[in-house]
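Peer 1: Structure of the sequence below:
(3 chains)
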Amino acid sequence: MSDELVRLENLEVHFPIRGGLTDIVLRRTKGVVRAVDGIDLVIQRGEILGLVGESGSGKTTTGRVVVKLTRQTGGRVVVDGLDVTNLWGTRALRPYRRRVQLIFQDPYETLNPKHTIGDFVAEPLEVMGIGTSQDRPQRVLDALDAAGLRPAADFAARFPHELSGGQRQRVVIAGALVMAPELIVADEPVSMLDVSIRTELLRLMLDLRRERGLTYLFITHDLSLAWVLADRIAVMYLGKILEIGPAEAVIRSPRNPYTQALVSVSPSTDPPEGEGVDERTILVGETPDAAHVPSGCRFHPRCPVAFARCAAEEPPLFDVGGGQQAACWLVEPGAMPAA
Amino acid sequence: MSAASVAVRRPSRLRALREFAARFSTRTDGILGVAILTVFVILALAPALFVGPLENAVTASGDPLTPPSAAHLFGTDELGRDMLNLTVHGARISMTIGLLATVITVVVGVGIGILSGFLGGRWDAFLMWLTDVFLVLPNLVLAIALAPILLDLVGDNAELLGIRATLLVIVVVIGLTSWATTARVIRSQVLSLKERAFVDRARVIGSGSGRIMRRHILPNIINLIVAQAVLTFAYAVFTETSLAFIGLGDPFSPSWGQILNAAQEAGAPGLLAWWYIAPPAVCVVLVVVAFTLVGNALDDVLNPKSGARR
Amino acid sequence: MTAQHEARGRRQWPLPKQAVPGAPLLEVEHLSVRFRMASGPSVKPVDDVSFRLDDGEALGIAGESGCGKTTTALSLVRLLPANGRISNGSVKLFGIDLVPKTERQLARYRWREVSMVFQGAMNALNPVKRIGDQIAEPLEVRLGQPRDASLRRAGDLLELVGIPRQRAAAYPHELSGGMRQRAMIAMSLACDPAIVIGDEPTTALDVMVQAQILALLERLRKELGLSLILITHDLSVIAETCDRVMVMYAGKVAEEGPVRRVFTAPRHPYTARLLAAFPNIRADRRNLEVIPGSPPDLRTPPPGCRFAPRCDRAMPQCTEEVPPEVRFSDGVRVACHLFPPGAEGALSGAAAGLAVVSTPSAASPPEGSRP
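Peer 2: The predicted structure is shown next:
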């Protein structure tokens, strides 16, 4: 059993922009949204990889490709040594789905208001034919208990509207745990919850990792959350990974100007004394839309230290030591260090 | 499923029904509509019980064209048949045609709406183009155009499963002209449901399209289907009446429209025989209004968010 | 426009005729709001809240959902729902108490002196009207200005918030989230208000856009002499933009004071736990502190201190008496039995100013607590 659980090679997800009936019939496209534009990513077994980016970065799409809710248009997806790139079809995907699950962002929307909590958690067992009708109830109760909803039997009978946001999100987690997965993709699992509830849920995720040997792909726009939870952090921008490395390295010594800007503007409850607004690298404008990706390094139009080469050529990820990589011409081996 | 949650599930359905009944009972418009419809449904189910068998030229019980009297509450037609008798029997035919047409409309409209919304892509584009074609054509004009063609095709005396083919033609024509609205309405609801997180979740745990449509999409559009069906029923009755009135109905099935047609041909307006025209016309209006009231009330009650601001 | 200008801070604008000279910009005293519920007892989402805002200040109101921060803000401009009303207290703007005023009288102040940027504001724009028109609307309606003057001013405001003037012709859906938020801010500035209340103004935005918006608010504060009330659950945003912070819990004020003091040396246990529970990018790793339990149901608030059931330093006194507010010499105000009126550094008498006279509700006040 190798250490590598997930390997994404040159993953591409391009969405065509189509018009009306004539365009569809004639298979004409008006353009392409390059949501994910060639990324390489490896997730080690048992680690928490934080995938960080703003809206339009492609992080959610990447997560959806890993759980096979979205079809990639290029590249390879390898999970536990098996090439699952072309594995599709409800039946064929069942074994895969048992091992790879998703936790959603919105606990209010994920639960069907007409089904009980017990229904929700039991549904994957029914769909996948796990267990027998005798032991399924117990599996449901075990999952609810593991997610911190006690007494489990009590919660199983309730409806979503009777639960708070934090409790609902625990139900969502229970619904993923009941299949005993190995990899959980968590897409902004706490962003819709109150601050003090967030830490409870994050704690739960850490505990579950320790108890069950889970691996997480943690997708978030909040760098502070990634800092607190992730072992490694990958920063995405407009469909590409601009920096990746151990959390400590990426946050404390970011090498890519975009990461540097993000870290500098991430607010904290104790900003250093004397550091005013001017110390923050506040970028101008907003992320361009993925249908019009800039040439060369896609960050160059907003980069405070861009130079001529940046507009012409797209930099690959350079190794900067300690397992950290950054895609920037300024960190090319042999390049002048940034001022 | 734990025993506890199963035990709670069934009472929850009862509770939902009781809640629905409670909310519906606050709607005076809905109650009124239901009351009116109940009367007509009872009459339609067993007309003979109330007024005896359908009178024809041979069994006509009165003198031609007499105004309302104690013996004939609604007067008589030009053959001497009791108008009350004709009107009550007409209820059965009009409502039956309405029901059959509604069934066709709902099955076709909902089917296309769900498939189109859920499958998307080329299927959606084609089906919606088709829907738009039917949507744009004026219903009544289309019905008037289709009916004689189909009637001609089918012939006067053909029968299918014991039902007169001409009757079926009317049903089909009404169904063809009203499914498009339902399809569009259902499709737009399915489109928005499809994007919601619980559908994604169903996919991610391995549910196939069939299961998703059954367990997640359908329960969330039942309300809409019911409201649409009720309104379609009203439309169907009205259209049948219109078609029959202009002579495209089945002369042997005296629906309300057919009675009006006969009144027209007998010269009732000129003879000021108002009792010949008023009963069927008033009945049509009452039934259509009743269905509309119920349909609106249902829409509000079943979708509490829409009526919340009252 | 009257010639009566009084220089206040860096800004000049005519004061309302009833203004009391020398009064603080905003003074809220013992504000309580009551909501009548469909069934059961009424709820007080805001219970005896007092605070003060001076010229050019930025006050952050922090707390979890349900603590009453939004209701407090809404009650300042009396935008409460139908079943809510201010049951006690005063809201004095320039010394003028707004609470007894009628809806018509309030119109003089709403949007003209106090305006608001709502939660999810960027989705509150009218989708079928151009943004230039939407910004000009309050000018026409409230100030009675002619159309072309209003549109010109709308253009000025857009420039002020960093949107090119030409985009006044755009519809909301043509703008990004960040730009829509800027447009909302422009709208709130239309009538030159003294105070802008922002209710979670950056919550749904990306962190870079959030930084841009916060920097914009900071710049506007300096250029226009604006005062700001920022309501958010995000303590880090308050830490970086506000001068003072007021932490609320279950409808009451837990702690209030200069941001530096409160965040580096919190006195109230809730403030301390809240700060510890906040992921902090500049702190050491994995500080995932948890506050056990959840906020109380305000239909049946617990007796005494409302945080007592979840507090690890609760004493028997805490479940019996509501703790009085005590003001300290470093400018911090706390309501906690760990910091009783006689504690070290506590002010008493006239120097205590605003807050000391907060009366405990049920039990009789302890000896010597009243100055």
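Peer 1: which residue packs closest to the closest residue to chain C within the stretch 51-200 of chain A, ignoring adjacent ones?
Peer 2: For the stretch 51-200 of chain A and chain C, the shortest gap (Cβ to the nearest Cβ) falls at A:E54, measuring 4.0 Å. For every residue, glycine as well, the C-beta is placed using N, CA and C. Spatial nearest neighbour of A:E54, excluding adjacent residues (Cβ to Cβ, 6 or more residues apart in numbering or on different chains): C:D206 at 4.0 Å.
Peer 1: Could you confirm C:R34 falls within a strand?
Peer 2: Yes: counting by DSSP: H, G, I helix; E, B strand; the rest coil, C:R34 falls inside a strand.
Peer 1: hang on, the earlier thing: dump the residue contacts of the residue nearest to A:E54.
Peer 2: Counting by Cβ atoms under 8 Å, 6 or more residues apart in numbering or on different chains, C:D206 touches A:E54, A:S55, A:H221, A:E286, A:T287, C:G177, C:G178.
Peer 1: Any of those residues buried? List them.
Peer 2: A:E54, A:S55, A:H221, A:E286, A:T287, C:G178 (16 or more other Cβ atoms under 10 Å in any protein chain shown).
Peer 1: Restricted to helices, list the residues you listed.
Peer 2: Those of the buried ones among the contacts of C:D206 mapping onto helices are C:G178, per DSSP state H.
Peer 1: would a markdown table of the buried ones among the contacts of C:D206 with distance to C:L235 be doable?
Peer 2: Below are the buried ones among the contacts of C:D206 laid out as a markdown table (distance: Cβ to Cβ, whole Å):
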| residue | distance to C:L235 |
| --- | --- |
| A:E54 | 21 |
| A:S55 | 23 |
| A:H221 | 18 |
| A:E286 | 25 |
| A:T287 | 26 |
| C:G178 | 22 |
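Peer 1: In JSON lines, list the buried ones among the contacts of C:D206 along with pLDDT.
Peer 2: Converted to JSON lines, these look like this (pLDDT from 0 to 100):
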{"residue": "A:E54", "pLDDT": "91"}
{"residue": "A:S55", "pLDDT": "86"}
{"residue": "A:H221", "pLDDT": "92"}
{"residue": "A:E286", "pLDDT": "83"}
{"residue": "A:T287", "pLDDT": "85"}
{"residue": "C:G178", "pLDDT": "84"}
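Peer 1: Give the buried residues for the lengthiest helix in chain A.
Peer 2: For chain A, the helix with the greatest residue count under DSSP H is helix A:195-212. By 16+ other Cβ under 10 Å, the buried positions in helix A:195-212 come out as A:195-206, A:208-209.
Peer 1: Give me the pLDDT for the one residue in the stretch 51-200 of chain B that gets nearest to chain A.
Peer 2: Nearest to chain A in the stretch 51-200 of chain B, going by Cβ to the nearest Cβ, is B:A197, at a distance of 3.9 Å. As predicted, B:A197 sits at a pLDDT of 87.
Peer 1: I figured it was touching A:L102, is that so?
Peer 2: No: between B:A197 and A:L102 there is no contact under Cβ atoms under 8 Å: 10.1 Å.
Peer 1: With neighbour numbers in mind, choose between these two.
Peer 2: Shown here are B:A197 and A:L102; by other Cβ atoms under 10 Å in any protein chain shown, A:L102 has more neighbours (29 against 17).
Peer 1: Now do B:I42 against chain A, distance only.
Peer 2: From B:I42 over to chain A the distance is 34 Å, taken as Cβ to the nearest Cβ, to the nearest Å.
Peer 1: Can you tell me what sits against the one helix or strand that residue maps to?
Peer 2: Under the criterion of DSSP states H and E, B:I42 resides in helix B:28-45. Residues outside helix B:28-45 that contact it (Cβ under 8 Å, 6+ apart): B:24-25, B:50, B:88, B:91-92, B:95-96, B:283, B:286-287, B:289-294, B:296-298, B:301.
Peer 1: got the buried residues for it?
Peer 2: Here helix B:28-45 shows B:G30, B:G33, B:V34, B:I36, B:L37, B:F40, B:L43, B:A44 as buried, counting by 16+ other Cβ under 10 Å.
Peer 1: do you know how far the closest residue to A:A186 other than its chain neighbours is from A:V172?
Peer 2: Sequence neighbours aside, A:I103 is the residue nearest to A:A186 in space, at 4.3 Å (criterion: Cβ to Cβ, 6+ apart). Look at A:I103 and A:V172: by Cβ to Cβ, to the nearest Å, they are 6 Å apart.
Peer 1: Mutual contacts of those two, please.
Peer 2: In contact with both A:I103 and A:V172: A:P189, using Cβ under 8 Å, 6+ apart.
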